[in-house]
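A.B. asks: what follows is a predicted protein model with its sequence.
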Amino acid sequence: MSIFEAIMLLCFGSAWPFSIYTSYKARTAKGKSLFFLVVLLIGYFSGIMHKVFYSLDYIIVLYILNFFLIATDTYLYFRNKRLDQLGEKRLI
């Protein structure tokens with residue numbers, strides 16, 4: 001287990017609750033990048049797989065937590081995209 005890996009994951013993970021809150025309240029997908037979210041999900045999934053196959057320790061919990069935080073923000077992206085489309089239809 002590396003303390004530096006834990007600090008990195010805690011620092012990265014600390015931003016996601018704010019992003020989730022902003023996405024939830026904004027109710028728009030404008031300004032969000034699905035590509036960026038998917039790249040992050042792939043990265044954290046790869047980190048989880050590395051921990052499972054090569055270096056299993058308690059740090060995996062932080063990888064899983066961050067993965068689910070980003071997955072939540074990704075879900076909100078799709079919800080907000082749908083809300084954006086519904087709003088456009090009302091204007092027509």
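C.D. replies: Great, that's in hand. Every value quoted in this text rests on a predicted model; they were computed, and no experiment measured them.
A.B. asks: does Thr28 count as helix, strand or coil?
C.D. replies: With DSSP: H, G, I helix; E, B strand; the rest coil as the basis, Thr28 sits in coil.
A.B. asks: backbone dihedrals for it, please?
C.D. replies: Phi and psi for Thr28, reported as degrees, to the nearest 10, are phi -140, psi 150.
A.B. asks: that one and Phe18: what is the separation?
C.D. replies: Applying Cβ to Cβ, to the nearest Å, the value for Thr28 to Phe18 is 16 Å. For the C-beta atoms, the positions are set from N, CA and C on the backbone; glycine is no exception.
A.B. asks: neighbour count: the two, which is higher?
C.D. replies: Each of Thr28 and Phe18 has its neighbours counted (other Cβ atoms under 10 Å); Thr28 has more, 13 against 9.
A.B. asks: contacts only, for the more buried one.
C.D. replies: 80, 83-84 (Cβ atoms under 8 Å, 6 or more residues apart in numbering).
A.B. asks: quick check on those: which are buried?
C.D. replies: Listed as buried from the contacts of Thr28 are Asn80; burial here means 16 or more other Cβ atoms under 10 Å.
A.B. asks: between the contacts of Thr28, which is closest to Ile64?
C.D. replies: Asn80 (24.5 Å; Cβ to Cβ).
A.B. asks: circling back to that earlier point, will you turn the contacts of Thr28 into a markdown table that also has secondary structure and pLDDT?
C.D. replies: Output for the contacts of Thr28, formatted as a markdown table (DSSP: H, G, I helix; E, B strand; the rest coil; pLDDT from 0 to 100):
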| residue | secondary structure | pLDDT |
| --- | --- | --- |
| Asn80 | helix | 97 |
| Leu83 | helix | 95 |
| Asp84 | helix | 94 |
